[in-house]
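Model the following, please.
(one chain, ligands or ions: 2)
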Amino acid sequence: MTDYPDGVPAVSLHGLSYHFNEHQAVADLDLEVRPGEVFGLLGPNGAGKTTTIRVLTTLLPLQEGAARVFGFDVRRRKMAVRRLIGYVPQQLSADAALTGRENVMLFARLFDVPRKERRPQVDEALEIMGLTQAADRLAATYSGGMIRRLELAQALINRPRLLVLDEPTIGLDPIARGTVWERVEELRADTGMTVLVTTHYMDEADQMCDRIGLMHLGRLRAVGAPEDLKAALGPGASLEDVFRHHAGDTFEEGGGFRDVRSTRRTARRLG
Ligand SMILES: Nc1ncnc2c1ncn2[C@@H]1O[C@H](COP(=O)(O)OP(=O)(O)OP(=O)(O)O)[C@@H](O)[C@H]1O
Ligand SMILES: [Mg+2]
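Ligands and ions are numbered 1, 2, ... in the order given. Below is the predicted model:
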């Protein structure tokens, strides 16, 4: 699976496992994301999606297995990997006490964007996300959809080749959700950026993702194009049927209190 135009997958995970003390959050995960695709990581609360992403983005140490981003090993080439990735975490990452512009500028400094280029790049990122008018207002006054777009502007400041979005549309109304996706889609069309996204909204995954990986209890249960996953289940199957088929009735075994709490907290902050 490595005959891509530039020879390497955007993301490759082999035998990836991660434990929080006794608890195995990710179990022997193999996954490849192709350059330029929108790949959706789906799965119930507690499936291990965020943990996988955090290992990939070098925010958690690699414990077992291998993880590469455009061929760079996340353990040995941490800084190279970080430079290639733009990341919008599940938890809120914008500072309400700063303006939109100040938030993005902070990231420009963090990512060592050369001083002279900072201002134009910050302006450009705000413009792409449709925040030029609101740039000098405090983020505290933004709607949930605007905050998510601000976080996208932050993540874009280092012109990443891989954009990683952990539940970018959670808690947003349908119009704001649509706007976030439109911006992501435009970006991909313009830059050829690869997108790795998690979502609990099956309609979004179905429409927006080229391929989907379905995780459950730390393992990858199915991977493929939404059409193929649905077809494999039988005529008329929806992506939700695919989800239920592979993740089962996960209420009891899957995400516990901690997972529900963190999801609600994110949704409330963005609401
Ligand atoms: N810091 C932590 N300490 C202990 N356990 C954790 C920690 N973070 C995650 N876990 C556990 O690891 C498992 C995977 O969590 P993870 O956040 O990766 O799931 P997720 O698929 O992103 O879920 P959600 O859809 O709710 O965001 C869960 O059982 C969770 O409770
Ligand atoms: Mg998560």
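
what's the lengthiest helix in the chain packed up against?
For the chain, the helix with the greatest residue count under DSSP state H is helix 174-191. For helix 174-191, the packing partners by 3 or more C-beta pairs under 8 Å, 6 or more residues apart in numbering; DSSP states H and E come out as helix 115-128, helix 144-156, strand 162-166, strand 194-198, helix 202-208. Where C-beta positions appear, they are placed from N, C-alpha and C, glycine not excepted.

For Gly40, give the beta-bridge partners.
Per DSSP bridges, the residues bridged to Gly40 are Val197, Ile212.

separation between it and Thr169?
12 Å (C-beta to C-beta, to the nearest Å).

so what sits against both of these two?
199, 204 (C-beta atoms under 8 Å, 6 or more residues apart in numbering).

just the CA coordinates of stretch 167-187, formatted as PDB?
Taking Å, rounded to 0.1, in the frame of the first residue of the first chain, the C-alpha atoms of stretch 167-187 are listed here in PDB:
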ATOM      1  CA  GLU A 167     -14.600  16.500  16.300                       C
ATOM      2  CA  PRO A 168     -14.500  19.900  14.500                       C
ATOM      3  CA  THR A 169     -18.300  20.200  14.300                       C
ATOM      4  CA  ILE A 170     -19.400  18.900  17.700                       C
ATOM      5  CA  GLY A 171     -22.100  21.000  19.200                       C
ATOM      6  CA  LEU A 172     -22.500  23.300  16.200                       C
ATOM      7  CA  ASP A 173     -25.800  24.000  14.400                       C
ATOM      8  CA  PRO A 174     -26.300  22.600  10.900                       C
ATOM      9  CA  ILE A 175     -25.400  25.800   9.200                       C
ATOM     10  CA  ALA A 176     -22.200  26.300  11.200                       C
ATOM     11  CA  ARG A 177     -21.300  22.600  10.600                       C
ATOM     12  CA  GLY A 178     -21.800  23.200   6.800                       C
ATOM     13  CA  THR A 179     -19.600  26.200   6.900                       C
ATOM     14  CA  VAL A 180     -16.700  24.500   8.700                       C
ATOM     15  CA  TRP A 181     -16.800  21.600   6.100                       C
ATOM     16  CA  GLU A 182     -17.000  24.000   3.200                       C
ATOM     17  CA  ARG A 183     -13.800  25.700   4.400                       C
ATOM     18  CA  VAL A 184     -12.100  22.400   4.900                       C
ATOM     19  CA  GLU A 185     -13.100  21.200   1.400                       C
ATOM     20  CA  GLU A 186     -12.000  24.500  -0.200                       C
ATOM     21  CA  LEU A 187      -8.600  24.200   1.500                       C
END
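
in this protein, which ranges drop under the pLDDT threshold?
Residue ranges of the chain with pLDDT under 70: 1-6, 249-271.

Tell me which residue lies farthest from the centre of it.
In the chain, counting by C-alpha atoms, centre = their mean, Pro235 sits farthest out from the average C-alpha position, at 30.3 Å.

Tell me the secondary structure at that one.
What DSSP: H, G, I helix; E, B strand; the rest coil gives for Pro235 is coil.

In stretch 168-183, which residues are buried?
Within stretch 168-183, the residues scored as buried using 16 or more other C-beta atoms under 10 Å are 168-172, 176-177, 179-181, 183.

Could you export the residues you listed as TSV, including distance to ligand 1?
Listed next are the buried residues of stretch 168-183 as TSV, based on distance: C-beta to the nearest ligand atom, whole Å:
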residue	distance to ligand 1
Pro168	12
Thr169	13
Ile170	9
Gly171	13
Leu172	16
Ala176	20
Arg177	17
Thr179	22
Val180	17
Trp181	19
Arg183	22
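
Out of these, which comes closest to Val81?
For the buried residues of stretch 168-183, the residue nearest Val81 by C-beta to C-beta is Pro168; the value is 20.7 Å.

Who are the contact partners of Arg54?
Applying C-beta under 8 Å, 6+ apart, one finds that Arg54 lies in contact with Leu60.
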